[in-house]
Every structure is written in C-alpha cells, then in structure tokens.
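A.B. asks: My questions concern the predicted model and sequence given below.
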Amino acid sequence: MHKNKTITILSHGLVWLVLFSMPYLLSYGQQTDINRYIAHFWIPLVFSSVIFYSNYFVFTDRYLFANKTVKFIVINILIIIGFVLAKELIEDTFFQNLGNRRLSNGNESGPPLPMSIYIQLLKYIAPLLFAIAIKTTKRWAKNEAAQKEAANIKLQSELQHLHYQLQPHFFFNSLNNIYSLVDISPDQAKTSIHGLSKLMRYMLYETNVELVPLSKEIEFMKKYIDLMKLRLSDKTIVHYNFPNKETDIKIAPLLFISLIENAFKHGVSATKESEICIEMSVDGGTVNFTTKNGNFPKKTDDKSGSGIGIPNIKKRLDLLYPNKNSFHTEVENNLFTTQLTIETT
C-alpha cells in the first residue's frame, strides 16, 4: 500500500514537471521570454492543477458521486470563471507589455477577447474532465474488486458448506458398512474402524486446503475401497486402476469419493453377482475418472446415506472448475456409469 502511494506521488510529480518544462522543450534553441511563459503558460497551469486536485480529492466524491450534480457544476463554473478573470487581471496588472492585443494600426494581434476567454474556458474544463475520468475509473475498479472479493467469499462459504456436508455423509455411510460387520465378523469390524479412523484423519486435517496432491487423493481412495471390500461377499468383484506414476497435479480434495460411495451403495446385490470397476487416468493436466457398477437402486425407504453425493459433486465442480469439467451419468443394460473429466491447468 505504501509502495503504491509512493509510486502515485512520483507519477504526479513527473507529469507536472514535464508540463512545466514544456515551454522550454518546445522552444529549445530559440530566444525565450520568461514573463511570457509565466503569464501564458505557468499561471494557467497552476490554475489547472488547482481545478484538477480540488475535484480529484474533494468535489467529485463530495458532490458528484453523492448525487449533488447541480452543486458540483455550479461550484466548478464559479471556479473556472474566477480563474479566467484572475488570469486577465494578473496579465493587465503585472504583464502589461504582453497584452498586445492591438497593434499601432488598431488591428488585433491575437484572437478576439471573447474567443480568448472561450479557449481559456476549454483549457480549464480539460483538467476537470480528466479528474472526473480518473476518479470514475478508480471507483469502478474499486467496486469491481469489492464485487470479486464478495463473490470469492461467497464461493469459499459455499465450498466450505459442501465440504462440511460431505464429511458427515461419508462418515454415516462408512458406519453403516461397519455396523453390518459387527455380528458377522468382529475382527473385520475392528479392522474397518481402524481404517476409518485413518480416512477421517485425512478428511479432517489434510483436506482443509484449496488443493491437494493427486497422489494423496488416490491413496485416500484406495484405502476407502479396501475398507469397503471387507464387507462384500464373493458375489461382488471390485476392480480399480489408478495412475502409479507420480505427477505434479494438484486437485480439489474429495471430489471423487462420492462417486465411489455410490458405486458401493448402488452396485452391490445381496443375491446377485455384481461387479464394480473404478478407473482413473491422467493425460497431461486432464484427469479422467470413471466408475461402472451394476444398477441395484435402493428402496425409497432406505435411509443409508442422505442422497447428497451426486448433487454435492455437481455443485463443487461448478464452483471449483467452471467450464473446465465434464460430468455425466448413464444407465445402459443395467450398468450404471459415471464419467468425470477435470482440466486442472
């Protein structure tokens, strides 16, 4: 902030230095008359600077942006007229020798007085318009920044809500799976609880960031799949394939776990043979994720889980990867397929 303020002050100083030096730069090598520079250039320039900074620092904010337009216009008209008259008075009082409007033959050497005043008015209106333009641009930029910040805060709030929504959903589904093992296989239930504690530790302590390494997310999914396989019978076969090669890709955490949950929730039958296939591939900065499983929809009165998995991931994708994701599901030949593609670059 201090650095930007210093740059602004130096920029203004440099501009005014160039403007005040302009007569010397334009008349380099010619005979100069300092009084003419003072009367016709420096005095109007001082008046212009007063008009510019008074509007830049005071009048534009106090009157124009406060919807007191009439007052703003009247004040500036009075100031400009006052400076035009003051310039004429100063020239007539201190620089009489420069006031050669009439030659000895009675002809005027310069433009008529009304035209001269009109030109001066235009000169003083220019810094006024320049000050308004700068203040309006800065105000627009500030409003844009504020809107972006508000949108970012809203985005983070929505993402946090979805993240917190996912955690109990995940925990609830996992507990249901472990509960089914307690009577059948107490040892497997103990192993499942131990595995669940590791998964929850990852969810609680390592996913509260914007991005995580894809390798960590893959490790988390593998552990979850192995945990879910403990409760399956021989009727269900699970295949999964993840990239083994390390990449530098980072991705939003917990994007894929809901799809894996749904595969185990809706792709397993107690009486029929079933198969679950989970595959991920990486192509440059693009991550492709696919799940395929038998379609065994739960009954409407089945409350295992809360049914928020797919809506949750769609909302998160729209917020995190707008125009950089492709997600669709389909059911064909009693096979439920999900395909998710994310461009991480």
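C.D. replies: Thanks, I have the structure now.

A.B. asks: tally of neighbours for the closest residue to residue 83 other than its chain neighbours?
C.D. replies: Among residues not flanking residue 83 along the chain, residue 47 sits closest, at 4.2 Å (CB to CB, 6 or more residues apart in numbering). In short, each C-beta sits where N, CA and C put it, glycine included. Residue 47 is flanked by 21 other residues according to other CB atoms under 10 Å.

A.B. asks: Then residue 49?
C.D. replies: 15.

A.B. asks: The chain: strands as residue ranges?
C.D. replies: 212-213, 236-241, 250-251, 274-283, 286-294, 325-332, 335-343 (DSSP state E).

A.B. asks: Of all the ones you listed, which one is nearest residue 91?
C.D. replies: Closest approach to residue 91 among the strands of the chain is made by strand 335-343 (68.6 Å; CB to CB).

A.B. asks: Which residue lies nearest the spatial centre of this structure?
C.D. replies: residue 148 (5.1 Å; CA atoms, centre = their mean).

A.B. asks: Check that one and give its pLDDT.
C.D. replies: We have a pLDDT of 78 for residue 148.

A.B. asks: Need the winner for burial among the strands of the chain.
C.D. replies: Comparing the strands of the chain by mean neighbour count (mean count of other CB atoms under 10 Å), strand 286-294 comes out on top with a mean of 19.

A.B. asks: between that one and strand 325-332, how many degrees?
C.D. replies: 20 degrees (axes from the mean of the first three to the mean of the last three CA atoms, to 10 degrees).

A.B. asks: Run through the neighbouring helices and strands of strand 286-294.
C.D. replies: helix 257-266, strand 274-283, strand 335-343 (3 or more CB pairs under 8 Å, 6 or more residues apart in numbering; DSSP states H and E).

A.B. asks: Parallel or antiparallel, list what pairs with the second one.
C.D. replies: It stands for strand 274-283. Within its sheet, strand 274-283 is paired with strand 236-241 (parallel), strand 286-294 (antiparallel), according to DSSP bridges.

A.B. asks: Columns mean pLDDT and distance to residue 137 on top of the strands of the chain, output as a markdown table?
C.D. replies: Formatted as a markdown table, the strands of the chain follow (pLDDT from 0 to 100; distance: least, CB to CB, whole Å):
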| stretch | mean pLDDT | distance to residue 137 |
| --- | --- | --- |
| strand 212-213 | 92 | 40 |
| strand 236-241 | 93 | 55 |
| strand 250-251 | 92 | 36 |
| strand 274-283 | 94 | 43 |
| strand 286-294 | 94 | 39 |
| strand 325-332 | 92 | 35 |
| strand 335-343 | 94 | 34 |
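
A.B. asks: Next, format those strands as CSV and append distance to residue 22.
C.D. replies: Listed next are the strands of the chain as CSV, based on distance: least, CB to CB, whole Å:
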stretch, distance to residue 22
strand 212-213, 59
strand 236-241, 73
strand 250-251, 54
strand 274-283, 60
strand 286-294, 57
strand 325-332, 57
strand 335-343, 53
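
A.B. asks: now for the ones you listed, which one comes closest to residue 83?
C.D. replies: strand 335-343 (59.5 Å).

A.B. asks: so how far is that closest one from its chain's centroid?
C.D. replies: 28 Å (CA atoms, centre = their mean, to the nearest Å).

A.B. asks: Pull the contacting residues for residue 240.
C.D. replies: With contacts defined as CB atoms under 8 Å, 6 or more residues apart in numbering, the neighbours of residue 240 are 221-222, 225, 277-279.

A.B. asks: again, only using 6 Å
C.D. replies: 225, 278 (CB atoms under 6 Å, 6 or more residues apart in numbering).

A.B. asks: Roughly how far does it sit from residue 92?
C.D. replies: 94 Å (CB to CB, to the nearest Å).

A.B. asks: doesn't residue 124 make contact with residue 80?
C.D. replies: Yes. Between residue 80 and residue 124 there is a contact under CB atoms under 6 Å: 4.5 Å.

A.B. asks: mind giving me the domain ranges of this protein?
C.D. replies: 2-147, 162-343 (automatic domain parsing).

A.B. asks: Of those, flag the one that's most buried.
C.D. replies: domain 162-343 (a mean of 16).

A.B. asks: Check the offset of that one from the chain's centre.
C.D. replies: 30 Å.

A.B. asks: Ok, stretch 85-94 next?
C.D. replies: So, by CA atoms, centre = their mean, the centroid of stretch 85-94 is 54 Å from its chain's centroid.

A.B. asks: And stretch 338-345, by the same measure?
C.D. replies: Using CA atoms, centre = their mean, the offset of stretch 338-345 from its chain centre is 22 Å.

A.B. asks: what's stretch 279-294 in contact with?
C.D. replies: For stretch 279-294, using CB under 6 Å, 6+ apart, the contacting residues are 241-243, 247, 256, 259, 263, 267, 274, 276-278, 336-345.
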